[in-house]
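Asker: pasting a predicted model and its sequence here:
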Amino acid sequence: MARSQHYILLAVAAMALALLASPVAAEKSFNITKILAAHPEYSKFNAMLSKTRLAYDINRRQTITVLAVDNAAMAALDQYSLPTVRHILSLHVLVDYYGAKKLRGLPNGATASASMFQATGAAGGMSGYVNITSHKGGKVDFVSQDADDTATPSRYVKSIKELPYDIAVLQVSSVLSSSEAEAPVPPPAPVDLVELLSKKYCKSFAELVAGNADVFRALNETKDNGLTLFCPVDAAVAAFLPKYKNLTAKAKTAILLYHAVPDYFSLQLLKSNNGMVSTLATTSYAKKDYSYDVKNDDEDVTLATKVVTSTITATVGDVEPLAVYAVSKFLQPKELFKVVQAPAPAPEPSKKKGKTGDADDESSSDDSDDSTADKGAAEPAVFGRWATVAATVGAALALLG
């Protein structure tokens, strides 16, 4: 046990230094779904990453190693519920970079790495760590920290894709065994979303949701699998209501879904991230973006849509997998309203003016073409390096205590 603790502490120190020393990339450079899509032998693993929302979490990280298993090995997960599968597969996501070369050159032939199961706080104690051991002949084994003594190690098979030092996708022989990760996950307590919104700050928005059957159904079908809802306070709804009444039925549905992100974000996570987020409107309208930029400044979190900037003012409810936050303004997407251009810091007469980015006005037509909206797909936010450092160092201090 002492030897294992030594490796864990070394891993924590190395990870913290690497995270703090490495430069932050300007934009995300990988997409795990696309990487695995080129290899049909991992299609079940790839599909489950999306179904459990782990793909979204992986893509917003900066330094990561994914331990993939082939379709045959995925049969070991058939007996588990989806929340439990998420815990098990999060053990297969190491929050450090381990390419094939690094695996074979481990100091003293062994180390331990925090997994996403550990870094997100889902694991108890040190159970979210994975021990990595390099043997003679190039063989490398992966074993979870809390695996039973009789558990067969998962062995490195080959490298699937490496982008040093951003992501390494490796094939391992089997699903990692962990009593903590395999434990049944209790289902979330039932939540009446409209009632929750009505009790705090957002009664008017609750009435809009309740009055739109498509939106009501979409939110309730999503909330148990991960949902963050930004609800405008009553004063914000009252101010926007004249514009809302002039929208078409399709546009009303889109703008309400625009306030919902199909993933769970705690307030702390929002405060430690900057980046674009996709919304339920993004998934409902394939040809349109419907994303916005989440920004944080100390304790303030803002949502910038290119039309308005809204600020989180209060937490309405936050119990994973559902988080609801009150915001100061009704979110207006560029797909429905004219973009507000920020004033230039200094005049540059020699440069041509860019397009205003005006979007189509769906208040007059359900079938209008959004020819001037941004075409890039919404990219998930990159997880803050400090958040990972804090999680791993905290875990180490718990062990020392």
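Answerer: In hand now; what should we look at? Everything numeric here is computed off the predicted structure, so don't read it as measured data.
Asker: which stretches of this protein have low pLDDT?
Answerer: For the chain, the stretches with pLDDT under 70 are 1-29, 286, 342-401.
Asker: find the centremost residue of it, please.
Answerer: For the chain, residue 57 is the residue whose C-alpha lies nearest the centre (Cα atoms, centre = their mean; 3.4 Å).
Asker: and the strands in the stretch 51-200 of the chain?
Answerer: Per DSSP state E, counting those that start in this stretch, the stretch 51-200 of the chain carries strands over the ranges 64-68, 93-94, 110-114, 129-134, 140-144, 154-163, 167-172.
Asker: ok now the first one, how far from the chain's centre?
Answerer: Mean-position distance between strand 64-68 and its chain equals 16 Å (Cα atoms, centre = their mean, to the nearest Å).
Asker: now swap in the third one and tell me
Answerer: Here strand 110-114 shows a centroid-to-chain-centroid distance of 24 Å under the convention Cα atoms, centre = their mean.
Asker: next, the angle strand 64-68 makes with that strand.
Answerer: Put simply, strand 110-114 runs at 100 degrees to strand 64-68, going by axes from the mean of the first three to the mean of the last three Cα atoms, to 10 degrees.
Asker: which strands or helices does strand 110-114 pack on?
Answerer: For strand 110-114, the elements it packs on are helix 2-21, strand 129-134, helix 385-400, judged by 3 or more Cβ pairs under 8 Å, 6 or more residues apart in numbering; DSSP states H and E. Using the backbone N, CA and C atoms, a C-beta is placed for each residue, glycine as well.
Asker: partner strands of it, with direction?
Answerer: Partners of strand 110-114 in the sheet, by DSSP bridges, are strand 129-134 (antiparallel).
Asker: okay, now stretch 318-334: how far is its last residue from its first?
Answerer: With Cα to Cα, to the nearest Å as the measure, stretch 318-334 spans 28 Å from end to end.
Asker: where do the helices sit along the stretch 101-250 of the chain?
Answerer: 116-119, 179-182, 193-199, 203-210, 213-222, 234-245, 249-257 (DSSP state H, counting those that start in this stretch).
Asker: quick check: which of those helices is buried the most?
Answerer: When you average the neighbours per residue for each of the helices of the stretch 101-250 of the chain (mean count of other Cβ atoms under 10 Å), helix 116-119 leads with a mean of 28.
Asker: CA atoms only for that one - export them in PDB, please.
Answerer: Taking C-alpha atoms only, helix 116-119 is exported to PDB below (Å, rounded to 0.1, in the frame of the first residue of the first chain):
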ATOM      1  CA  MET A 116     -12.000  11.300 -14.700                       C
ATOM      2  CA  PHE A 117     -13.800   9.200 -12.000                       C
ATOM      3  CA  GLN A 118     -11.400  10.700  -9.500                       C
ATOM      4  CA  ALA A 119     -11.100  14.200 -10.900                       C
END
